[in-house]
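A.B. asks: Predicted model follows, preceded by the sequence.
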Amino acid sequence: MAKRDAVGGTGESLFAAAGMEAAGPLADRLRPKTLADVIGQDHLLQGEGPLARMVQAKKLSSLILWGPPGTGKTSIARLLADATGLEFAPLSAVFSGVADLRKVFEAARERRALGQRTLLFVDEIHRFNRAQQDGFLPYVEDGTVVLVGATTENPSFALNSALLSRASVVVLHRLDDEAQEKLLSRAEAIERPLPLTPEARAALRAMADGDGRYLLNMAEQIYTLPPETEPLDSARLAETLQKRAPIYDKSQDEHYNLISALHKSLRGSDVDAALYWMARMLVGGEDPLYIVRRLVRFAAEDIGMADPNALLQALAAKDMYDFLGSPEGELGLVQAVIYLGTAPKSNAAYKAEKGAKRAAREHGSLAPPMHILNAPTKMMKELGYSAGYAYDHDAADGFSGQNYFPDGMDRQHFYRPVERGFERDIIKRLDYWQKLRSRRQDEED
């Protein structure tokens with residue numbers, strides 16, 4: 001049977017109420033006693049979920065539990081050990097070093113000799129460096145331990161490939177509104193109804209931002225109020241609690257997730273969604289210049305010549321922010337987002353860049369044709385530099401139709417404008433020049 005956690009985890013947030021002692025923090029009293037008590041992770045623990053199948057087969061493989069704070073990673077690991085008859089050996093990467101790992105592995109080896117297997121739970125496993133992560137491999141491979149690591153970071157970046165190849169990654173979801181309400185109901189079952197109006201109760205769940213442990217901690221603060229307290233509205237709730245900003249780490253996964261959401265919302269011409277994602281980043285403390293750099297890139301990549309002013313608008317937002325700073329300058333970002341979101345879209349310039357670079361790699365170092373090379377010296381003129389060059393302004397229609405690609409390379413078409421925005425006019429120009437080019441070729445033939 002698994003022991004109670006000895007080294008603190010950060011994920012004890014999903015809990016069962018029945019039969020628990022009244023002493024201790026609310027979150028501690030509501031810890032789940034079985035996997036069936038866990039809230040919000042049915043995709044893993046119910047039906048054909050991967051963890052449900054392992055428990056049913058009594059065969060647990062090494063795992064990486066990846067999810068945001070307060071979603072039950074530590075609780076699930078402890079209950080998996082209970083359900084499969086493994087000894088639960090918890091370890092925190094924050095407080096442990098090589099000596100601690102050696103002790104854990106030695107104890108697990110001794111238990112194995114006695115017929116008892118060990119579930120080694122490593123909280124915040126991403127904090128171990130690459131060499132330390134490699135140290136787990138022989139003990140996982142020979143079955144000394146079943147490794148269950150918990151992380152809030154993307155395992156693809158935070159863990160080395162050798163360790164990932166020996167463990168299955170399972171993703172825990174942030175608690176949705178329904179799961180958070182269920183958690184509050186469990187708290188009320190062992191305490192008393194929370195003195196909140198319906199609107200304040202919804203605001204409390206929003207403040208928790210999917211973190212069950214934080215939700216219970218805030219509920220516990222509310223329970224310190226006198227029992228006769230009138231129900232709090234949203235304003236009084238905000239005064240009573242220290243509201244934290246939404247979960248957002250500028251240097252980690254969420255940083256890239258939200259900028260991706262902003263970019264794709266703009267590409268999909270959903271202005272309101274784009275404004276929301278940008279606001280999420282700004283409220284979370286993101287550097288506005290990081291956002292505007294993406295807006296400048298977007299203007300060229302996803303709008304391009306369909307609306308050449310898009311790039312100017314994005315650069316103007318950067319200049320406005322440089323000039324005014326926060327918060328006044330952030331309105332320039334808002335205007336740019338609105339302009340970019342409503343502009344006609346084209347990735348023709350982006351595709352033209354890719355195609356031209358691909359052709360440059362494939363065709364190597366082909367020289368320009370001699371007729372478009374300058375001849376500043378007599379020797380170069382004698383060698384044929386600039387011979388036969390047709391000065392386009394001398395042509396009646398201002399177009400010579402000469403070939404400017406290298407000799408031996410067929411003419412390529414990298415830029416293919418779309419029938420949207422300003423590129424409709426560009427199509428007409430390109431078609432006109434192609435007709436003139438074909439006419440000149442026919443005249444030469």
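C.D. replies: Thanks, I have it.
A.B. asks: A helix includes Val292, no?
C.D. replies: Yes: looking at Val292 with DSSP: H, G, I helix; E, B strand; the rest coil, it is inside a helix.
A.B. asks: Show the contacting residues for it.
C.D. replies: Ala314, Ala317, Lys318, Tyr321, Leu333, Ala336 (C-beta atoms under 8 Å, 6 or more residues apart in numbering). C-beta here means a position set from N, CA and C on the backbone, and glycine is covered the same way.
A.B. asks: what do you get if the cut-off is 10 Å, keeping everything else the same?
C.D. replies: 278, 314-322, 329-330, 332-333, 336-337 (C-beta atoms under 10 Å, 6 or more residues apart in numbering).
A.B. asks: Next one: it from Lys345, what distance?
C.D. replies: Val292 sits 19 Å away from Lys345, going by C-beta to C-beta, to the nearest Å.
A.B. asks: correct me, but Ser234 touches Leu204?
C.D. replies: Yes: Ser234 lies in contact with Leu204 (C-beta atoms under 10 Å); the separation is 9.0 Å.
A.B. asks: neighbour count winner among the two?
C.D. replies: Leu204 (24 against 16; other C-beta atoms under 10 Å).
A.B. asks: so what's the residue nearest to Val171 when sequence neighbours are not counted bridging to?
C.D. replies: Excluding the flanking residues, the one nearest Val171 by C-beta to C-beta, 6 or more residues apart in numbering is Trp66, at 5.4 Å. With DSSP bridges applied, the residues forming beta bridges to Trp66 are Thr151, Val171.
A.B. asks: Trp66: neighbouring residues, count only.
C.D. replies: Trp66, neighbours per other C-beta under 10 Å, totals 24.
A.B. asks: For the host helix or strand of Arg201, name the packing helices and strands.
C.D. replies: Element membership of Arg201, judged by DSSP states H and E, is helix 198-208. With contacts taken as 3 or more C-beta pairs under 10 Å, 6 or more residues apart in numbering; DSSP states H and E, helix 198-208 sits against helix 177-190, helix 212-222, helix 234-240.
A.B. asks: Tell me where the model's unsure across the stretch 51-200 of the chain.
C.D. replies: Along the stretch 51-200 of the chain, the model assigns pLDDT under 70 to no residue.
A.B. asks: picking that back up, would you mind listing which of the contacts of Val292 are buried?
C.D. replies: Buried by 16 or more other C-beta atoms under 10 Å: 278, 314, 316-318, 320-321, 329-330, 332-333, 336-337, out of the contacts of Val292.
A.B. asks: Switch these over to a markdown table; also include pLDDT.
C.D. replies: Shown next, in a markdown table, are these (pLDDT from 0 to 100):
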| residue | pLDDT |
| --- | --- |
| Met278 | 95 |
| Ala314 | 97 |
| Ala316 | 97 |
| Ala317 | 97 |
| Lys318 | 96 |
| Met320 | 96 |
| Tyr321 | 94 |
| Gly329 | 94 |
| Glu330 | 95 |
| Gly332 | 96 |
| Leu333 | 97 |
| Ala336 | 97 |
| Val337 | 97 |
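A.B. asks: And these, which two are furthest apart?
C.D. replies: The span of the buried ones among the contacts of Val292, defined through C-beta to C-beta, is set by Met278 and Ala316 at 16.3 Å.
A.B. asks: Go ahead and confirm Leu331 touches Met320.
C.D. replies: Yes: with contact defined as C-beta under 10 Å, Leu331 counts as touching Met320 (7.6 Å).
A.B. asks: Any stretches of the stretch 251-400 of the chain with poor pLDDT?
C.D. replies: Ranges of the stretch 251-400 of the chain meeting pLDDT under 70: 251-253.
A.B. asks: okay, now the domains of this structure?
C.D. replies: For the chain, automatic domain parsing gives the domain ranges 26-171, 177-240, 253-342, 367-444.
A.B. asks: Just send the ones you listed back as JSON lines, with distance to Gly355 too.
C.D. replies: Output for the domains of the chain, formatted as JSON lines (distance: least, C-beta to C-beta, whole Å):
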{"stretch": "domain 26-171", "distance to Gly355": "30"}
{"stretch": "domain 177-240", "distance to Gly355": "43"}
{"stretch": "domain 253-342", "distance to Gly355": "14"}
{"stretch": "domain 367-444", "distance to Gly355": "4"}
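A.B. asks: Tell me which of the helices and strands packed on helix 198-208 is the most buried.
C.D. replies: Between these, helix 212-222 has the highest mean count of neighbours, a mean of 22, where neighbours are mean count of other C-beta atoms under 10 Å.
A.B. asks: list the helices and strands that helix packs on?
C.D. replies: So helix 212-222, by 3+ C-beta pairs under 10 Å, 6+ apart, packs with helix 26-29, helix 73-84, helix 177-190, helix 198-208, helix 234-240.
A.B. asks: Which pLDDT value does the model give the closest residue to Ile426 other than its chain neighbours?
C.D. replies: Leaving aside its chain neighbours, Ile426 sits nearest to Pro417 (4.7 Å; criterion: C-beta to C-beta, 6+ apart). Looking at Pro417, its pLDDT stands at 94.
A.B. asks: List phi and psi for Pro417.
C.D. replies: phi -60, psi 160 (degrees, to the nearest 10).
A.B. asks: Correct me if wrong: it contacts Ala349.
C.D. replies: Yes: counting by C-beta under 10 Å, Pro417 touches Ala349, with 8.8 Å between them.
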